[in-house]
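Colleague: Pasting a predicted model and its sequence here:
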Amino acid sequence: MERLIFPAVNYADFGHPVVLKKLRSATIYTTNCPNEAIYRANDYNILMDTNARQLGMFGPTEILCSFDTLQFTDYNRYDTDAIDAEHKKQVHDTRFNDDLQRAYALGRRLVEEA
């Protein structure tokens, strides 16, 4: 995240920012975490959302999470015995398209409000 912030710093005059207009932004997370309740119960939001919110220094920012995502097309190729590959495939087949539509809508909103 800091690589996004440092280029906006005016090193000749810290009082005058390089970015002069508010920029809308978003961060999209794909995660193995099953749902938002567990995401928050394990305090993942403290680390992940805080990093994403740093973009707020440029203007309004949004966070979109896609939970319980399919990480591999073939789980047998990796050491993933603790993961139910069939469950991941089922979630992907039933929910990923909705998450994808939410991401498209988010992108549309960012462009329309720019």
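Modeller: Yes, it's here.

Colleague: Let me know the pLDDT of the spatially closest residue to N76 that is not a sequence neighbour.
Modeller: Excluding its sequence neighbours, the residue lying closest to N76 (Cβ to Cβ, 6 or more residues apart in numbering) is A85, at 7.7 Å. Where you see a C-beta, it was placed from the backbone N, CA and C, and this is true even at glycine. With respect to pLDDT, A85 has a value of 93.

Colleague: Confirm for me that A85 is in contact with Y75.
Modeller: Yes - the pair A85 / Y75 is scored as a contact, 3.7 Å apart, by Cβ atoms under 8 Å.

Colleague: any chance you could map the helices in the chain?
Modeller: Taking DSSP state H as the criterion, the chain carries its helices at 2-5, 36-41, 44-53, 85-112.

Colleague: I'd like those written out as JSON lines, with mean neighbour count and distance to I28 added.
Modeller: Shown next, in JSON lines, are the helices of the chain (neighbours: other Cβ atoms under 10 Å; distance: least, Cβ to Cβ, whole Å):
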{"stretch": "helix 2-5", "mean neighbour count": "10", "distance to I28": "14"}
{"stretch": "helix 36-41", "mean neighbour count": "13", "distance to I28": "14"}
{"stretch": "helix 44-53", "mean neighbour count": "14", "distance to I28": "9"}
{"stretch": "helix 85-112", "mean neighbour count": "13", "distance to I28": "6"}
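
Colleague: Would you format these as TSV with distance to L20 included?
Modeller: Shown next, in TSV, are the helices of the chain (distance: least, Cβ to Cβ, whole Å):
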stretch	distance to L20
helix 2-5	16
helix 36-41	35
helix 44-53	21
helix 85-112	19
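
Colleague: Do I have it right that L23 meets F58?
Modeller: Yes - using Cβ under 8 Å, L23 is in contact with F58, at 4.3 Å.

Colleague: L64 and E112, how far apart?
Modeller: If you measure L64 against E112 using Cβ to Cβ, to the nearest Å, the figure is 16 Å.

Colleague: Tell me which residue lies nearest the centroid of the chain.
Modeller: Centre of the chain computed as the mean C-alpha position; nearest residue by Cα atoms, centre = their mean is I28, 2.3 Å away.
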